[in-house]
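Engineer: how would this look folded up:
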Amino acid sequence: MRAMVTGGAGFIGSYLAEGLVNRKYEVTILDNLFRGSYENIAHFINGKNCFYELDLAEEKNVSQIAEILLNEQPEYIYHFAAINGTQYFYEIPAKVLEVNINATYFLMQALRAAKHMSPDFKTKIIYASSSEVYGEPFSIPSKETDTTYVTTGHIRDSYAAAKLCGEFYVKLMSEEIGIEWIILRLFNVYGKRMVGTKYGQVIPEFIQRLKQGEYPLSIYGNGEHKRSFCYVTDIVNDTMDLAVSNVKNEIFNIGNNSEISILELGRLIMQKMDMVPQFQFLPERDGDHKRRCPDTSKLHAVIGNRTYMTLDEGIELMLQ
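Structural biologist: Down below sits the predicted model:
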């Protein structure tokens, strides 16, 4: 069996590619290395598993992507390529919007071209969307049927807008050309290999800032914002199991439904680092949603109930 992972040298993508290799897939990775690193995947790139340094967001690469698709014939395409990292949403929102929309649009254009050249070409695309599409959620935990929306007054929503556009492109263009699709709305993934700067996510950023001597620890807002964190290997296992199920043309929340406030998270990390918790509160960032927690009952109805790594265990792993 063969699978393709876009963004496969990045944080989640590299774990996903590695997981597929461990399940005896031959893997094709596409990544422009903007946030990814070849070091994440070098240990399994060989004659069977290949890497293309390629930018999906550039129209000139559509024909090459189509050619790769036809040559490699992946049974599954995991589309995880995107600019992520909350600080980017505030610093370069136009680029976040442009790159993330184009990466999905041009990939779907390549799929359309491949299908046109070879009508028998068959695959299943699994698209990594985001919990950001729920905005400030109308219900907690959020269901896949809940309202999705963006607010044009919040530049942070450039990321959510791109992910929602991507959902439409994947759904509509897949159905147009006759391939199966699954959309994943990921909730706050963390783990090793994750960027630990302000361009990453909160857990590795807190750890790195504390290791570099920041004390007290700075937090945006009053620390009462709540998130639900899921360790990357749990996300990857759920994703791979869902992909090979009989389910098709559906949207699923992926994540852990255990909530914690950012203040409690900071306190937990500092205690594990043998520090007395002390904080400095910064002005809240515009559009930073108060809560984020998934209803995963639809997912577990398909793949069965799971026991996830606890946040306590996951932070211990990262501190090692």
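Engineer: Assign a three-state SS to the closest residue to Glu53 other than its chain neighbours, would you?
Structural biologist: In this structure, Glu53 finds its nearest non-sequential neighbour in Leu33, 6.1 Å apart by CB to CB, 6 or more residues apart in numbering. Placement of C-beta: from N, CA and C, glycine included. Secondary structure state of Leu33, per DSSP: H, G, I helix; E, B strand; the rest coil, is coil.
Engineer: From Leu317, how far out is Leu33?
Structural biologist: With distances taken as CB to CB, to the nearest Å, Leu33 is found 25 Å from Leu317.
Engineer: these two touch, right, the residue nearest to Glu53 and Tyr52?
Structural biologist: No: using CB atoms under 8 Å, Leu33 is not in contact with Tyr52; the gap is 10.9 Å.
Engineer: Of those two, which one has the most company?
Structural biologist: Each of Leu33 and Tyr52 has its neighbours counted (other CB atoms under 10 Å); Tyr52 has more, 17 against 13.
Engineer: Contact partners for the more buried one?
Structural biologist: Neighbouring residues of Tyr52 by CB atoms under 8 Å, 6 or more residues apart in numbering: Thr28, Ile29, Leu30, Asp31, Ile68.
Engineer: Double-check that it belongs to a strand.
Structural biologist: Yes: judged by three-state DSSP, Tyr52 forms part of a strand.
Engineer: Show me what it is bridged to.
Structural biologist: On the basis of DSSP bridges, Tyr52 is bridged to Leu30.
Engineer: Quick check: the gap between it and Lys198.
Structural biologist: Tyr52 is 30 Å from Lys198, where distance means CB to CB.
Engineer: where exactly do the helices run in the stretch 101-250 of the chain?
Structural biologist: Using DSSP state H, counting those that start in this stretch, the helices found in the stretch 101-250 of the chain span residues 157-177, 202-211, 232-243.
Engineer: Could you take those helices and lay them out as a markdown table, with extra columns for distance to Pro141?
Structural biologist: Below are the helices of the stretch 101-250 of the chain laid out as a markdown table (distance: least, CB to CB, whole Å):
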| stretch | distance to Pro141 |
| --- | --- |
| helix 157-177 | 18 |
| helix 202-211 | 20 |
| helix 232-243 | 16 |
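Engineer: burial of Gly10, as a residue count?
Structural biologist: Residues within reach of Gly10, counting by other CB under 10 Å, total 29.
Engineer: how about TSV for the helices of the stretch 101-250 of the chain, with mean pLDDT added?
Structural biologist: Formatted as TSV, the helices of the stretch 101-250 of the chain follow (pLDDT from 0 to 100):
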stretch	mean pLDDT
helix 157-177	98
helix 202-211	96
helix 232-243	98
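Engineer: how about those helices in JSON lines, adding mean neighbour count and distance to Arg292?
Structural biologist: JSON lines is the format used below for these (neighbours: other CB atoms under 10 Å; distance: least, CB to CB, whole Å):
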{"stretch": "helix 157-177", "mean neighbour count": "20", "distance to Arg292": "12"}
{"stretch": "helix 202-211", "mean neighbour count": "19", "distance to Arg292": "12"}
{"stretch": "helix 232-243", "mean neighbour count": "21", "distance to Arg292": "15"}
